[in-house]
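# what's the 3D shape of this:
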Amino acid sequence: MTVFGIGISYGLATLFAMFSGMPIAFALGAVAVVFMAIYMPAASLDTVTQNVYEEMASITLLSIPLFILKGAAIGKSRAGQDLYSALHAWLHRVPGGLGVANVFACALFAAMAGSSPATCSAIGSAGIPEMRKRGYSGGFAAGIIAAGGTLGILLPPSITMILFAVAAEKSLGRLFLAGIGPGLLLVTLFGFYAVFRFRKEYAMARAVYDATGKDAAILQHDEFTMAERFSALPRVIPFVLLLTGVMIALYGGYATPSETAGLGGLLALGLIAVIYSVWTPSDLSPILKSTIRESTMLMLIIGMSLLYSYVMSYLHISQSAAEAIVAMHLPRWELLFSILVMVIVLGFFLPPVSIILMTAPIILPPLRAAQFDIIWFGVVMTIVMEMGLIHPPVGLNIFVIRNVAPDIPLSEVIWGTLPFVLLMMFAVLLLCFFPEISTWLPNLIMGPDGGR
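So this is what the prediction gives:
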C-alpha cells in the first residue's frame with residue numbers, strides 16, 4: 001500500500017477508535033500498536049515500552065506532575081474562594097466589577113495552577129453562585145468562568161505550552177514569556193466585555209423597574225469599607241508572592257523548569273499548611289489523590305500520543321503530509337489559516353494535549369519553511385486550542401461548568417461562551433497584525449533567537 005493509503009487508513013482508524021468511546025490514551029495506543037504489527041517489523045512490537053519510555057525521557061516533562069501538584073494544592077484549598085473575594089472587594093465600584101473580579105481571579109489562579117479545568121472548578125464554585133445571587137444571567141456568569149478558565153493553558157506555567165516546547169524543541173522559558181502578553185490581552189478583552197454585558201443587563205433590569213416597579217438583584221450595590229478591603233488581602237498576598245517567586249526563579253535563571261515546578265509544589269503545600277491548616281493526612285489525601293489521578297491520566301495520554309507520532313514518522317505519514325502541504329505552495333498566511341482551521345476542527349473532538357502531539361510533526365516543518373516564528377505560532381495555536389475548551393461539542397470547560405452549576409441549562413452555557421470565542425478570534429487577528437504582543441517580552445529578557 002502507498003504512503004497515502006496508509007495515512008488515510010491511519011486517520012480513519014484513529015477516528016473509529018475515538019468515536020467508539022475508548023479513552024483517548026488507549027485509542028491512540030491501540031491504533032499505533034495495530035499499525036506497528038501490520039506495517040513494521042515484528043521485532044518492533046517488542047520495543048513498544050522502550051519507545052514510549054525513550055519518547056517520554058525528557059526532563060521538561062517531569063515538570064508536568066509537579067505543576068499539577070501545585071495546582072491541586074491551591075485548588076483543593078480555599079485559596080480560590082479567598083482570591084475571588086479579595087478581588088471583588090477591591091473592584092466592586094467598577095460597573096460589572098463582580099464579573100471583572102472573576103476574570104482577574106481566573107487569570108491569577110490559572111497562573112498558579114496551570115490547568116483550565118482546575119481554574120473553572122475553583123473559581124466557578126465561588127464566583128457563579130455569587131454572580132447569580134446578584135442578578136447576573138446564567139449564561140453570562142457561566143461564560144465568564146468558562147472563558148477565564150481557558151487562560152490556564154496560556155498564562156505560565158502552562159502544561160500545554162510545556163508539551164509544545166517539547167514537540168517543537170524550543171525554549172520553554174521563552175514560550176512561557178511569549179504567553180504573558182497575549183494572556184494579558186485576553187484578560188483585558190474579557191474584562192471590557194464583562195463591563196459591556198453588565199451595563200446591558202443592568203439597563204434591561206432598570207427599564208423593567210421603571211415600568212413595573214419590580215426590583216432586581218442586579219440593581220443592588222455592594223459596599224465594602226477600607227478595613228474590609230484590607231482585611232481580605234492577608235490570605236491572598238502569600239499566593240501572589242508564590243507566583244512571583246516561581247517566575248523569578250524560572251526567568252532569573254536560578255532554576256530549571258522542573259526545579260521551578262518542584263519548588264512551586266513544595267511552597268504551595270507549605271502555604272496551605274500555614275494559612276489553612278491543611279497538613280494532616282486526611283487533609284492532604286484529596287490533594288495527593290487528585291495529583292496522582294490527573295498526572296497518571298495526562299502522562300498516559302502523552303506517552304501514547306508520542307508512540308502514535310513515532311509510528312506516523314516511521315511510516316512516513318507525517319513527512320509525506322508535510323511535503324504535500326509544502327507542495328501546495330500556499331501563500332504563507334493561507335497556509336497558517338488552513339492549519340488553524342484544522343486545529344479548530346480537531347478541537348471539536350480532542351483535548352489540546354493530543355492536538356499538539358498528533359499534529360506537531362506535520363505542521364511545524366511547513367511553518368518553518370514559510371519563515372514563521374515558531375514561538376509566536378505556539379502562542380497563536382494555544383489561543384485557538386483555548387476556543388476548543390469552550391465550544392461544543394466537546395468543550396471541556398463547558399462540562400466543568402455544568403458540574404459546578406447544574407441549574408444553568410447547557411444551552412445557556414454554550415450561548416454564554418460564544419462571545420468569548422469571538423474575542424479569542426479577535427485576539428488571534430491582533431497577534432497576526434502585531435506579533436510583537438507575544439515576542440517583545442522574550443526578546444527583551446532572553447534576546448532574539450531567530451524564532452524558527
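# list the contacts of the residue nearest to Tyr276 when sequence neighbours are not counted.
Nearest in space to Tyr276, with sequence neighbours left out and distances taken as Cβ to Cβ, 6 or more residues apart in numbering, is Ser77 at 5.0 Å. C-beta coordinates here come from the backbone N, C-alpha and C atoms, glycine included. Taking Cβ atoms under 8 Å, 6 or more residues apart in numbering as the contact definition, Ser77 lies against 272, 275-276, 278.
# just how off-centre is stretch 346-360 within its chain?
12 Å (Cα atoms, centre = their mean, to the nearest Å).
# got the end-to-end distance for it?
Between the start and the finish of stretch 346-360 there is a gap of 13 Å, counting by Cα to Cα, to the nearest Å.
# what's around the closest residue in space to Ala168 that isn't next to it in sequence, how many residues?
Closest residue in space to Ala168, ignoring its immediate chain neighbours: Ile374 at 5.3 Å, by Cβ to Cβ, 6+ apart. When neighbours are counted by other Cβ atoms under 10 Å, Ile374 registers 20.
# so Ile374 versus Leu184, what's the distance?
22 Å (Cβ to Cβ, to the nearest Å).
# same question for Val413.
According to Cβ to Cβ, Val413 stands 26 Å off from Leu184.
# higher neighbour count, the two?
The residue with the greater number of neighbours, taking Val413 and Leu184 and applying other Cβ under 10 Å, is Val413; the counts read 25 against 15.
# just the element for the residue lying closest to that one once chain neighbours are set aside, please.
What sits nearest to Val413 in space, not counting adjacent residues and going by Cβ to Cβ, 6+ apart, is Ala142, at 4.4 Å. Secondary-structure assignment from DSSP states H and E places Ala142 in helix 138-149.
# dump that helix to PDB, keeping only the CA atoms.
Output of helix 138-149 as PDB, limited to C-alpha atoms (Å, rounded to 0.1, in the frame of the first residue of the first chain):
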ATOM      1  CA  GLY A 138     -26.800  32.200  34.000                       C
ATOM      2  CA  GLY A 139     -25.200  32.400  30.500                       C
ATOM      3  CA  PHE A 140     -23.200  35.500  31.400                       C
ATOM      4  CA  ALA A 141     -21.900  34.000  34.700                       C
ATOM      5  CA  ALA A 142     -21.000  30.700  33.100                       C
ATOM      6  CA  GLY A 143     -19.400  32.300  30.100                       C
ATOM      7  CA  ILE A 144     -17.100  34.400  32.300                       C
ATOM      8  CA  ILE A 145     -15.800  31.400  34.300                       C
ATOM      9  CA  ALA A 146     -15.600  29.100  31.300                       C
ATOM     10  CA  ALA A 147     -13.600  31.600  29.200                       C
ATOM     11  CA  GLY A 148     -11.500  32.700  32.200                       C
ATOM     12  CA  GLY A 149     -10.600  29.100  32.800                       C
END
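# where does the prediction get shaky in the protein?
Applying pLDDT under 70 to the chain flags residues 55, 80, 113-114, 349, 393-394, 449-452.
# quick one, longest helix in it?
helix 172-212 (DSSP state H).
# next secondary structure after that helix?
On the C-terminal side of helix 172-212, the closest following helix or strand by DSSP H and E is helix 226-231.
# need the next SSE after that following helix, C-terminal direction.
Secondary structure here is assigned by DSSP H and E; on that basis, the next helix or strand after helix 226-231 toward the C-terminus is helix 237-251.
# for the helix or strand following that following helix, buried residues please.
On the C-terminal side of helix 237-251, the nearest following helix or strand under DSSP H and E is helix 257-276. With burial defined by 16 or more other Cβ atoms under 10 Å, the residues of helix 257-276 counted as buried are 257-265, 267-269, 271-273, 275.
# thought Gly97 was touching Leu91, still the case?
Yes. Distance between Leu91 and Gly97: 4.0 Å, which falls inside the contact criterion (Cβ atoms under 8 Å).
# what is the helix or strand that Ala110 is a member of packed up against?
Ala110 is located in helix 97-113, with elements delineated by DSSP H and E. Using 3 or more Cβ pairs under 8 Å, 6 or more residues apart in numbering; DSSP states H and E as the contact test, the elements touching helix 97-113 are helix 63-75, helix 79-91, helix 116-133, helix 138-149, helix 172-212, helix 237-251.
# give the buried residues for it.
Of the residues in helix 97-113, those buried under the neighbour-count criterion (16+ other Cβ under 10 Å) are 97-113.
# give the contact list for Val33.
Contact analysis of Val33 by Cβ under 8 Å, 6+ apart lists 45, 48, 307.
# now intersect those with the helices, please.
Secondary structure from DSSP H places 48, 307 of the contacts of Val33 in helices.
# distance of the most centrally placed residue in the chain from Ile159?
Within the chain, the residue whose C-alpha comes closest to the C-alpha centroid is Ile153; the distance, by Cα atoms, centre = their mean, is 2.3 Å. Relative to Ile159, Ile153 is positioned 7 Å away (Cβ to Cβ).
# ok, the nearest residue to His92 once chain neighbours are set aside - contacts?
Counting by Cβ to Cβ, 6+ apart, Asp222 is the residue found nearest to His92 once chain neighbours are left out, at 4.8 Å. With contacts defined as Cβ under 8 Å, 6+ apart, the neighbours of Asp222 are 88, 92, 98, 134.
# next one: Met1
For Met1, the contacting residues are Ser9, taking Cβ under 8 Å, 6+ apart as the criterion.
# Ile145 now?
If you count contacts by Cβ under 8 Å, 6+ apart, Ile145 has them with 102, 106, 120, 123-124, 127-128, 401, 404.
# so how far is Met56 from Pro65?
Distance from Pro65 to Met56, counting by Cβ to Cβ: 12 Å.
# next, give phi and psi for Glu223.
Dihedral angles phi and psi of Glu223 (degrees, to the nearest 10) take the values phi -130, psi 130.
# for Asp283, give me its contacts.
With Cβ under 8 Å, 6+ apart as the criterion, the residues that contact Asp283 are Ser277.
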